[in-house]
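> need the 3D shape of this:
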Amino acid sequence: MTEVLYDRAALLDPEAGTVTAGQRVLVRGGEVAAVGADVEAPEGARVVDLAGRTLMPGLVDCHVHVNAHSADLSGMSDQSPAYIAATAAVELRAMLHRGFTTVRDPGGADFGIHDAVAEGLIDGPRIHYGGKALSQTGGHTDMRPRGRGVRDDHHCCPDMGVVCDGVDEVRRAAREQLRTGAHHVKVMLSGGVASPTDRIDSTQFSTEEIRAIVEEAEAANRYVAGHAYTARAINRGLAAGVRSIEHGNLLDESSVELFLEHGAFLVPTLVTYRRMAVEGAEYGLPEGSLRKNALVLDAGLRALELAHEAGVNLCYGSDLLGGMRRHQLEEFRIRGAVLPAVDVVRSATVTAARLLGEEGRIGRIAPGALADMLVVDGNPLEDLAVLTDPDTHLKLVVQGGEAKVDRLSRA
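Next comes the predicted model:
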């Protein structure tokens with residue numbers, strides 16, 4: 001069994017919010033076997049001298065869309081699944097090279113792309129996928145223009161959602177995603193930016209429909225992630241048992257109270273609104289979506305501050321589309337302008353691990369955890385820019401004990 005000892009590491013513990021110099025980390029068989037200043041190198045183990053660089057857990061992005069190679073989501077269902085898979089493979093490798101060793105895709109990724117990564121057919125972060133997101137007619141993943149009445153919800157269509165109405169239909173739709181092995185079920189609780197016929201301030205699905213979806217996820221020991229912007233939409237979801245709220249730009253104090261009451265998670269995605277405002281049109285975002293983007297662009301930062309001050313569980317998310325996905329790390333900079341660096345790092349490590357049900361396995365470097373680790377020049381707890389410029393600062397990406405990116409030899 002391969003053993004590697006990482007020596008002279010400045011070990012970043014996101015839970016404690018500390019960086020401890022002079023540490024040694026022994027990796028055995030894809031997991032962390034031992035951590036400490038006095039860990040001995042077993043006979044035959046390879047020793048990697050980090051020379052005081054920071055060793056930290058791999059990053060987790062809780063909101064990506066690996067299939068969304070374009071911001072024109074309405075056109076994806078007419079494209080070849082083979083083409084979509086090829087573009088996803090390219091993007092997944094890029095995400096891994098940015099330092100993301102795990103991602104959650106709440107709409108689009110399926111068991112096929114998950115298995116391709118898990119089996120080593122392509123390089124990429126570990127994928128927690130939700131399959132197709134659930135939308136009501138005219139909801140956030142109903143991408144038909146007003147004049148089109150026909151919709152093809154065939155499983156192999158590479159779009160991001162399925163349309164369902166009524167308690168019986170939503171139960172069947174949730175069961176269908178869970179049948180494929182989905183780690184969660186995504187439900188559209190409000191209108192969205194990229195959809196052509198709904199309003200940002202709408203609520204979607206009845207309370208009975210939302211509860212039915214939650215019941216099905218809980219029956220399968222899974223959870224529901226809910227897309228929502230306004231406090232009204234957020235609160236309906238949280239009261240019905242939705243575990244994570246995606247975006248949440250227009251939440252208020254009443255929403256915060258429900259987050260805390262239910263121990264729910266908020267996944268802000270501020271970078272996507274910034275980038276859509278600047279280059280959304282270049283990557284296919286329709287004019288109507290650009291107008292809707294302006295409604296939520298500035299409110300997101302205020303919502304983030306409100307949630308943080310109250311102690312809401314915050315997770316890292318990017319939600320970028322098409323060529324804008326290259327800005328995935330910019331979310332660190334945006335959040336760091338208003339939040340302590342340690343809390344931003346926690347959102348992409350230990351808090352994300354709790355949301356994904358992977359606490360103790362990812363998000364920390366500790367015995368028994370998966371050996372998903374980064375080596376960086378500098379201390380992210382003092383300067384988040386260390387994480388936003390991987391070409392300069394990211395020296396090593398280890399996933400499951402295997403070096404996927406190695407720039408140490410050039411350091």
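> spatially central residue for this protein, please.
The centre of the chain sits closest to residue 62, judged by Cα atoms, centre = their mean, with a distance of 1.7 Å.
> from residue 259, how far off is that one?
Distance, residue 62 to residue 259, using Cβ to Cβ, to the nearest Å: 15 Å. In short, each C-beta sits where N, CA and C put it, glycine included.
> could you do residue 246 as well?
Residue 246 is 13 Å from residue 259, by Cβ to Cβ.
> which of those two has more neighbours?
Higher neighbour count among residue 246 and residue 259: residue 246, with 31 against 24, using other Cβ atoms under 10 Å.
> was I right to think the more buried one contacts residue 224?
No - between residue 246 and residue 224 there is no contact under Cβ atoms under 8 Å: 10.8 Å.
> give me the common contacts of these two.
Contact with both residue 246 and residue 224 is made by residues residue 186, according to Cβ atoms under 8 Å, 6 or more residues apart in numbering.
> okay, the residue nearest to the centre of the chain: pLDDT?
What the model reports for residue 62 is a pLDDT of 98.
> what do you get for residue 378?
pLDDT at residue 378 comes out at 97.
> hang on, the earlier thing: check contacts around the residue nearest to the centre of the chain.
Shown in contact with residue 62 (Cβ under 8 Å, 6+ apart): 103, 104, 244, 267, 315, 316, 317, 352, 355, 356.
> which among these gets closest to residue 120?
Distance to residue 120 across these (Cβ to Cβ) is lowest for residue 103, with 16.6 Å.
> how close does that closest one get to residue 186?
To residue 186, residue 103 is 14 Å away according to Cβ to Cβ.
> with residue 3 instead?
Distance, residue 3 to residue 186, using Cβ to Cβ: 40 Å.
> same thing with residue 323?
In this view, residue 323 and residue 186 are 24 Å apart by Cβ to Cβ.
> and what of residue 133?
4 Å.
> what does residue 248 give?
With Cβ to Cβ as the criterion, residue 248 and residue 186 are 15 Å apart.
> hmm, residue 188 and residue 203 touching each other?
No - with contact defined as Cβ under 8 Å, residue 203 does not reach residue 188; the gap is 10.1 Å.
> which one of those two is surrounded by more residues?
residue 188 (28 against 20).
> ramachandran angles for the more buried one?
Dihedral pair for residue 188: phi -90, psi 110, per degrees, to the nearest 10.
> give the contact list for it.
Residues near residue 188 by Cβ under 8 Å, 6+ apart: 133, 134, 135, 136, 139, 140, 141, 161, 204, 205, 226, 227.
> return the set of residues that bridge with the first one.
Note on residue 133: beta-bridge partners residue 161, judged by DSSP bridges.
> surely it and residue 164 touch.
No - under the contact definition of Cβ under 8 Å, residue 133 does not touch residue 164, with a separation of 10.6 Å.
> and the strands in the stretch 1-150 of the chain?
Applying DSSP state E, counting those that start in this stretch to the stretch 1-150 of the chain gives strands spanning 3-13, 18-28, 31-36, 46-49, 54-57, 59-61, 100-105, 126-129, 133-135.
> quick one: strands adjacent to the first one?
So the one you mean is strand 3-13. Using DSSP bridges, the strands paired with strand 3-13 are strand 18-28 (antiparallel), strand 46-49 (parallel), strand 54-57 (parallel).
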